[in-house]
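J.: build me a structure from this.
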Amino acid sequence: SSQLSSLPLQILLYVNGIYYIFYFLATLAMIIYKSQVFSYPDDFLAPDLAVLFLMAILEVPRSYLGFKGNLTEAEAPLGLSLGLTVGSVVLCVYLLLWQTYVLWADVLLNAVLLSAYGLESGLKVTAIAAFVS
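T.: Down below sits the predicted model:
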């Protein structure tokens with residue numbers, strides 16, 4: 001029998017997990033910085049922080065299901081991970097376009113994360129297609 005799990009997907013999941021830790025800490029530091037330096041309305045600070053923390057909460061099952069689905073060659077966990085990726089993309093786009101202040105560092109961090117999510121999603125779809133056939 002042949003092995004159907006995707007090594008590029010596994011590597012990307014691992015690298016994306018490490019990058020996300022950096023992304024979370026950098027984005028949190030920038031939100032704190034923006035709240036101190038700019039006149040950050042109190043009504044908008046809480047939603048920006050809530051989106052960041054919700055994104056972090058989504059990242060754990062998203063990554064776990066991606067790892068598990070790929071290694072066990074099961075399409076259900078990989079499909080759930082793909083669904084959670086869509087939610088993470090929406091939250092990432094919020095932080096890219098609609099948060100109160102967007103710095104160039106925000107654009108850079110979010111662009112890298114969105115690129116990784118896009119590549120990861122393509123590899124997940126390819127892996128699911130391989131598992132089903």
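J.: spatially nearest residue to the residue positioned nearest the centre of the chain, not counting backbone neighbours?
T.: Nearest residue to the geometric centre of the chain (CA atoms, centre = their mean): residue 88, 5.0 Å. Nearest non-adjacent residue to residue 88, counting by CB to CB, 6 or more residues apart in numbering: residue 58, 5.3 Å away. Just so you know, the C-beta spots here come from the backbone N, C-alpha and C atoms, and that holds for glycine as well.
J.: distance from the chain centre to the helix or strand hosting the one you found, please.
T.: Using DSSP states H and E, residue 58 falls within helix 42-72. Put simply, helix 42-72 sits 7 Å off its chain's centre (CA atoms, centre = their mean, to the nearest Å).
J.: next: stretch 36-56.
T.: Worked out by CA atoms, centre = their mean, stretch 36-56 lies 18 Å from the chain centre.
J.: and that stretch, what's buried?
T.: 40, 45, 48-49, 51-52, 55-56 (16 or more other CB atoms under 10 Å).
J.: with stretch 106-122 instead?
T.: For stretch 106-122, a neighbour-count test (16+ other CB under 10 Å) marks 106, 109-110, 113, 116-117, 120 as buried.
J.: average model confidence for that stretch?
T.: Taken as a whole, stretch 106-122 has an average pLDDT of 98.
J.: could you dump that stretch to CSV, C-alpha only?
T.: Written as CSV, here are the backbone C-alpha positions of stretch 106-122 (Å, rounded to 0.1, in the frame of the first residue of the first chain):
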residue,chain,number,x,y,z
ASP,A,106,0.4,44.7,10.3
VAL,A,107,0.1,44.5,6.5
LEU,A,108,3.4,42.5,6.3
LEU,A,109,2.5,40.0,9.1
ASN,A,110,-1.0,39.5,7.7
ALA,A,111,0.1,39.1,4.1
VAL,A,112,2.6,36.3,5.1
LEU,A,113,-0.1,34.6,7.2
LEU,A,114,-2.7,34.8,4.5
SER,A,115,-0.2,33.4,2.0
ALA,A,116,0.6,30.5,4.3
TYR,A,117,-3.1,29.8,4.8
GLY,A,118,-3.7,29.9,1.0
LEU,A,119,-0.9,27.5,0.3
GLU,A,120,-1.9,25.3,3.2
SER,A,121,-5.5,25.2,1.9
GLY,A,122,-4.4,24.1,-1.5
